[in-house]
Each structure stands twice: as C-alpha cells, then as structure tokens.
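Peer 1: Return a 3D structure for these sequence lines:
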Amino acid sequence: MMRPPRDLPLSNDPASRYIPWTVGLLVFLATLSLAIGFFLSSAGENWRRSLSGTLTIQVPAGPDQQAFTGSVIDLLSTTPGIDAVRRITDDEVATMLEPWLGDEISTLDLPMPVLIDATVRRGHAIDIEALSTRLMAVAPGTVVDEHAVWLRRLTDLAVIAATVSLSVMVLVLLSAVMTVVFTTRTGLAIHSDIVEVLHLIGAKDSYIARQFQIHTLWLAGIGAACGSVLGGSAILLIEVYGARLSNGLLPDITLSGIQWGLLCLLPVAAVLLVVATVGITVKRVLGRMM
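Peer 2: Below is the predicted model:
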C-alpha cells in the first residue's frame, strides 16, 4: 500500500505501530456505546408512545366474572375522558404470558383475570381513585393499572442508561486522544535531532506538525475504518438476533437511517480529533523547545 511522502522517518517509530490497533479498538468500543445509547433512547420513546394515555383494568376470576366484565365495560364507556374501551382477548393474554408459562398455557386451566384496555383522551386527566371506587361498586375486586407511574420510571431509567452509554463513548474518545498525545511526544523525542536540523534549515513548527499529522492520519484512518466495520457488523448481529433472543420481552432493537448515519460519521470525527490533537501537541512541545 502506498503512503504519502514524509520528510521524517516516522514509520520506524516503535510506538506509532500501535496507533491503528489502539484507534481501531477505541472506535469499535465507541461505536457500540453510541449504538447502545441509541437503542435505549429509542426503546424509551417506543414504550412512552405505546403505553401513555392508556389504562388497564383487571376483572378478577370468579363465578360472576362475565357479568362483572360487562358492567365494567359499560361504566368505562360512559366515563368522560375515555375514548375507547376494548376487552383483551384470551389469545392476546396467552401470547403475553407465553414467555413465562410456555405455549401450552391454554391447557393449564388457570383462573385468569379479564383484561380491559381503556384509551384516555389526549390532554384529559382521569381521577384514578374515583374511577377505582366506581368500578369496585359494580365489580368488586377490580383493579385499575395506570401505566403513567411505572412508565415514567422506566423511561427515566432508559434515559439514565443512555446517558451513561454516551458518557462511556466520550471517555473512550478521550482515551484515544491521550494515547495519541503520548505517541506523538514519544515520536518527537525519538526524532529530536532531525527536528532540530529541520529548524536550522528554516522549517516552521506548522510544517513539522503537518508531517506528524499526515503520518497519524494514515494510521488512524486504517484503524478507525476497521473498528467501524467491526462495530457495524456487531450492531447488525444485535439487530438480527436480539429480537429472537428476547422472545418479545424487549422492543425491537433497530436503528434509524439518521442513527446509522451518525455511526458512520463517528470514525471520521475520531480521526479528525486525533489529527487535531497531534497538531496541537507537536506545536506545544516545539514551542517549549525553542
């Protein structure tokens, strides 16, 4: 493979040979961290959209369950602020319980409560305590489950986890910067004699810094490309097999086109950050030497 010409023999530096491996590994970890942050953020948004504005009412099992169910549906249908009422079918309940009880749940003959979904009109607040009292009067033992409380906790947890994941990505990129700073300073120490000669013949600090930047750009670009490809492959495997392994317990693990675009920009941003760090480091060190 052809490399850009340089006036400094930087390819012989023992420390620089680790730049592709270091940058590649850190870009791989940063890609996974950013993707996990996207996954968690999307999952929290999907949960919020699917469960906000709904109530689930449980009518307990018993000899009067069918009569109680009809009374509950009639009461909910006439309650102001509730737009739609729907009884969840036995097949839907079996599907929801299948991950825990298996696909033969219908043969277990378990006393199952009747589940009713009620859709609350957007912007309308329902007095859950008053509604529960009215439902208990027509169907003793009925339980109203408002999703807002635990949904808020779930989405808050997803936001915290996504923030931690993105923080890990930032720390990984900072680790790459620190590694490159150490490598650059080592290269300057090794080639200090050549640098002094270049200064004597009129070379400016910016010219010497550019030599290091070209060298680092080549090595970091190779490592970032490899790390990005490996990270993208791992994300595709997670998307393909994640839903199968979760058995429906988790939302679909997919990334949007914009999120994939940001992941593709990550190695470019990492390389630019590394190259800029090299330029700043070289100029600062040379400024102290002169």
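
Peer 1: The longest helix seen in the chain: what's the following helix or strand?
Peer 2: Determined from DSSP state H, the single longest helix within the chain is helix 147-190. Next helix or strand after helix 147-190 toward the C-terminus (DSSP states H and E): helix 192-200.

Peer 1: now the helix or strand that contains Gly24 against helix 147-190, angle please.
Peer 2: Using DSSP H and E, the element containing Gly24 is helix 19-51. Angle, helix 19-51 to helix 147-190, by axes from the mean of the first three to the mean of the last three Cα atoms, to 10 degrees: 170 degrees.

Peer 1: What strand or helix carries Leu115?
Peer 2: Assigned by DSSP H and E, Leu115 falls in strand 114-120.

Peer 1: so what's the spatially most central residue of the chain closest to, chain neighbours aside?
Peer 2: Ranked by distance to the mean C-alpha position of the chain (Cα atoms, centre = their mean), the top residue is Gly37 at 1.9 Å. Leaving aside its sequence neighbours, Gly37 sits nearest to Ser165 (Cβ to Cβ, 6 or more residues apart in numbering; 3.9 Å). For the C-beta atoms, the positions are set from N, CA and C on the backbone; glycine is no exception.

Peer 1: Next, find the distance separating the one you found from Ala234.
Peer 2: 15 Å (Cβ to Cβ, to the nearest Å).

Peer 1: Looking at those two, which has the bigger crowd around it?
Peer 2: Shown here are Ser165 and Ala234; by other Cβ atoms under 10 Å, Ser165 has more neighbours (19 against 14).

Peer 1: wouldn't the more buried one be in contact with Leu40 here?
Peer 2: Yes. Counting by Cβ atoms under 8 Å, Ser165 does reach Leu40; the two are 6.6 Å apart.

Peer 1: give me every residue that touches Ala234.
Peer 2: By Cβ atoms under 8 Å, 6 or more residues apart in numbering, Ala234 lies in contact with Phe28, Leu32.

Peer 1: On the pLDDT front, check it for me.
Peer 2: Ala234 carries a pLDDT score of 90 in this model.

Peer 1: Quick check: it is in a helix.
Peer 2: Yes. Counting by DSSP: H, G, I helix; E, B strand; the rest coil, Ala234 is found in a helix.

Peer 1: bridging residues for the closest residue to Val143 other than its chain neighbours?
Peer 2: Leaving out its chain neighbours, the residue that sits closest to Val143 by Cβ to Cβ, 6+ apart is Gln58, at 4.5 Å. Beta-bridge partners for Gln58, by DSSP bridges, are Leu115, Val143.

Peer 1: how close does Gln58 sit to Pro113?
Peer 2: 4 Å.

Peer 1: go on, Thr95?
Peer 2: The value you get for Thr95 to Pro113, if Cβ to Cβ is used, is 16 Å.

Peer 1: residue contacts, the residue nearest to Gly37?
Peer 2: Ser165 neighbours (Cβ under 8 Å, 6+ apart): Ser33, Leu34, Ile36, Gly37, Leu40.

Peer 1: and the residues you listed as a markdown table, adding pLDDT and distance to Val177?
Peer 2: Shown next, in a markdown table, are the contacts of Ser165 (pLDDT from 0 to 100; distance: Cβ to Cβ, whole Å):
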| residue | pLDDT | distance to Val177 |
| --- | --- | --- |
| Ser33 | 87 | 16 |
| Leu34 | 87 | 17 |
| Ile36 | 84 | 22 |
| Gly37 | 83 | 20 |
| Leu40 | 78 | 26 |
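
Peer 1: Compute the number of surrounding residues for Ile222.
Peer 2: 17.

Peer 1: In terms of helices and strands, where is it?
Peer 2: helix 205-246.

Peer 1: Show me what counts as buried in whichever helix or strand comes after that helix.
Peer 2: Using DSSP H and E, the helix or strand that follows helix 205-246 towards the C-terminus is helix 257-289. Neighbour counts over helix 257-289 (16 or more other Cβ atoms under 10 Å) mark 259, 263, 266-267, 270-271, 273-275, 277-279, 281-283, 285-286 as buried.
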